[in-house]
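Chemist: sequence first, then the predicted structure, then my questions.
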Amino acid sequence: MSSPTATPVLSPQFVLLMALACGLCAGSAYFNQPLIYSIEKSLGISTSQAGFAVVVAQIGYGLGLMLLVPLGDLLNKRKLIVSLMVFAAISQILLSLSSSLSGLYFFTLCATFGAISAQVLIPFASTISPPESSAATVGKLMSGLVMGIILSRTFAGFVSTYWSWEGVYLYSGILTLGFALLMWHKLPNTEPQSGLTVTGIYRSLFKLAQHHPHLIRRACAGALGFGILSMVFTSMTFVLGSAPYHFSDFEIGLFGLLGVIGIYSASWSGKTVGQGKENLVATLCISLMLLSCIPLFFAQQNIVVYALGVLMSYFGLTAFHVLNQNLVYRIDIKARSRINAVYMTIYFSGAAIGSLGAVYAWEHFEWIGCVALGLVFALGILVIDRFDFKQMKQA
């Protein structure tokens, strides 16, 4: 591999460009959350069928994490990143042209499968940065990723309201192609690592999962937390798009800006964990996720109380995710990318389960079913987390 110190391209402007690319790619996996009713009307399908596209998006992203992110240790990273961006861009453009349910699902799966380029770009940026600025570079790219996810719903809602839901993916696809071209010209070209094979990479993932139950416990707890958040944002369209609110796609997307609190909670969690207060962070996060069910229960009666519930769940999950990552990264410093692949794959499976559960619960039990699902997930987190901390003390 090329020396990581030979990186004159890592100017502040280039770091910003990479952060924007991360936000664009990761955010594209969340475009369809405020668009469920628009897609339903456009394609003449049921609400549950349109809502299942959100589940498909999470499945696609999860598959990409499991199958492609580990290959970042094996393949030429610049080619991998750009190829994924181009694949995602073309898939988004084709998605904007689809007029059938099968096309909606297939191209959504493809687009989000390629959207994991951000998860390859972030560790690559860490590698090509000088050691003294590596953490700062990763922090900036992570901030870009979080902001992309937050703003994606607002962007999608705005374009859908004043143009169409298809326009969201057409515009994003063209923009992603432009960023892919910039990444091709700006990213340094590195040689693949020798001594690694595809089968060896995948085999090591199973060995990590087998020999480190701590990793699986933290990943499962994180998955349940992400399931809560996914339930909240998937059902947000159902709550705000129907009586008594009747919000437009854009207004629903604006409501999603409440997620900006995630930037603060991630920063707070990182600093507090760095002070050795892991148990404090876990206790506060789980308490917030449990207690958020109370204001969420009144979502259809009072929008301010609903907003409070969203803030509580978002703060709790984001801080809990940072805690989990810090804990699992301590397992093996030389295998962090593969540890991250295992953790994030399980983590995003929670999002798929949460989205699917939200669609099912709303269809059969309406909002009370969604809240009950969130409560069950939160109780599951409590059990897993307390057991894992007990095991860590005994180790």
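Modeler: Sure, I can see it.
Chemist: in the protein, which helix or strand is least confident?
Modeler: One helix or strand of the chain scores below all others by mean pLDDT, DSSP states H and E: helix 261-274, with a mean of 80.
Chemist: pull out the buried positions in whichever helix or strand comes after that one.
Modeler: Going down the chain from helix 261-274, the next helix or strand is helix 278-291, by DSSP states H and E. Neighbour-count burial for helix 278-291 flags 278, 281, 282, 284, 285, 286, 288, 289, 290 (criterion: 16 or more other C-beta atoms under 10 Å). Heads up, the C-betas are built off the backbone N, CA and C, glycines and all.
Chemist: residues contacting the last one?
Modeler: Residues near residue 290 by C-beta atoms under 8 Å, 6 or more residues apart in numbering: 375, 378, 379, 382.
Chemist: how about the first one: what's its closest non-neighbour residue?
Modeler: Once its chain neighbours are removed from consideration, residue 375 has its nearest residue in residue 293; the separation is 4.7 Å (C-beta to C-beta, 6 or more residues apart in numbering).
Chemist: quick check, pLDDT for the one you found.
Modeler: Looking at residue 293, its pLDDT reads 97.
Chemist: tell me the contacts of residue 304?
Modeler: Neighbouring residues of residue 304 by C-beta under 8 Å, 6+ apart: there are none.
Chemist: ok, it to residue 258 distance?
Modeler: 11 Å (C-beta to C-beta, to the nearest Å).
Chemist: same deal with residue 276?
Modeler: 31 Å.
Chemist: the more surrounded of those two?
Modeler: Each of residue 276 and residue 258 has its neighbours counted (other C-beta atoms under 10 Å); residue 258 has more, 21 against 8.
Chemist: low-confidence ranges, the stretch 101-250 of the chain, go.
Modeler: 134-136, 139, 192-195 (pLDDT under 70).
Chemist: please, where are all the helices along it?
Modeler: Using DSSP state H, counting those that start in this stretch, the helices of the stretch 101-250 of the chain run over 101-114, 117-128, 131-162, 165-186, 198-211, 213-241, 249-255.
Chemist: residue 59 is nearest to which of those helices?
Modeler: Evaluated with C-beta to C-beta, the helices of the stretch 101-250 of the chain place helix 101-114 nearest to residue 59, the distance being 6.7 Å.
Chemist: what distance do you get for the residue nearest to residue 375 to residue 318?
Modeler: 18 Å.
Chemist: same question, residue 214
Modeler: Separation of residue 214 from residue 318 (C-beta to C-beta): 21 Å.
Chemist: okay, the two: which has more neighbours?
Modeler: Neighbour count, other C-beta under 10 Å: between residue 214 and residue 318, residue 318 has more, with 25 against 16.
Chemist: spit out the contact partners of that one.
Modeler: 146, 261, 262, 265, 266, 269.
Chemist: show me the domain layout of the protein.
Modeler: With domains defined by automatic domain parsing, the chain comprises 12-188, 197-395.
Chemist: just the ones of the contacts of residue 290 in strands?
Modeler: Cross-referencing those against strands under DSSP state E gives no overlap.
Chemist: which of those are buried?
Modeler: For the contacts of residue 290, buried by 16+ other C-beta under 10 Å: 375, 378, 382.
Chemist: looking at the residues you listed, spot the one nearest residue 68.
Modeler: Closest to residue 68, out of all of those and judged by C-beta to C-beta, is residue 378, at 31.2 Å.
Chemist: ok, now which ones touch the closest one?
Modeler: Per C-beta under 8 Å, 6+ apart, neighbours of residue 378: 224, 228, 286, 289, 290, 292, 293.
Chemist: including distance to residue 388, could these go into CSV?
Modeler: Below are the contacts of residue 378 laid out as CSV (distance: C-beta to C-beta, whole Å):
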residue, distance to residue 388
224, 13
228, 18
286, 12
289, 16
290, 17
292, 22
293, 22
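Chemist: closest one of the residues you listed to residue 29?
Modeler: residue 228 (17.7 Å).
Chemist: and the helix or strand hosting residue 53, how far out from the chain's middle?
Modeler: Secondary structure assignment for residue 53, by DSSP H and E: helix 47-67. Relative to the centre of its chain, helix 47-67 is centred 11 Å away, using C-alpha atoms, centre = their mean, to the nearest Å.
Chemist: helices or strands up against that helix?
Modeler: Where contact means 3 or more C-beta pairs under 8 Å, 6 or more residues apart in numbering; DSSP states H and E, helix 47-67 is packed against helix 36-43, helix 101-114, helix 213-241, helix 336-394.
Chemist: tell me which of the ones you listed is the most buried.
Modeler: When the helices and strands packed on helix 47-67 are scored by mean count of other C-beta atoms under 10 Å, the highest mean neighbour count falls to helix 213-241 (a mean of 25).
Chemist: any idea of the angle that helix forms with helix 198-211?
Modeler: 90 degrees (axes from the mean of the first three to the mean of the last three C-alpha atoms, to 10 degrees).
Chemist: what packs against helix 213-241?
Modeler: helix 36-43, helix 47-67, helix 198-211, helix 249-255, helix 278-291, helix 303-329, helix 336-394.
Chemist: turn the ones you listed into a markdown table, including distance to residue 130.
Modeler: Listed next are the helices and strands packed on helix 213-241 as a markdown table, based on distance: least, C-beta to C-beta, whole Å:
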| stretch | distance to residue 130 |
| --- | --- |
| helix 36-43 | 45 |
| helix 47-67 | 28 |
| helix 198-211 | 27 |
| helix 249-255 | 38 |
| helix 278-291 | 29 |
| helix 303-329 | 20 |
| helix 336-394 | 18 |
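Chemist: out of those, which is closest to residue 219?
Modeler: helix 336-394 (3.7 Å).
Chemist: any idea of the mean pLDDT in the closest one?
Modeler: Helix 336-394 comes out at a mean pLDDT of 92.
Chemist: sweet, I'm off.
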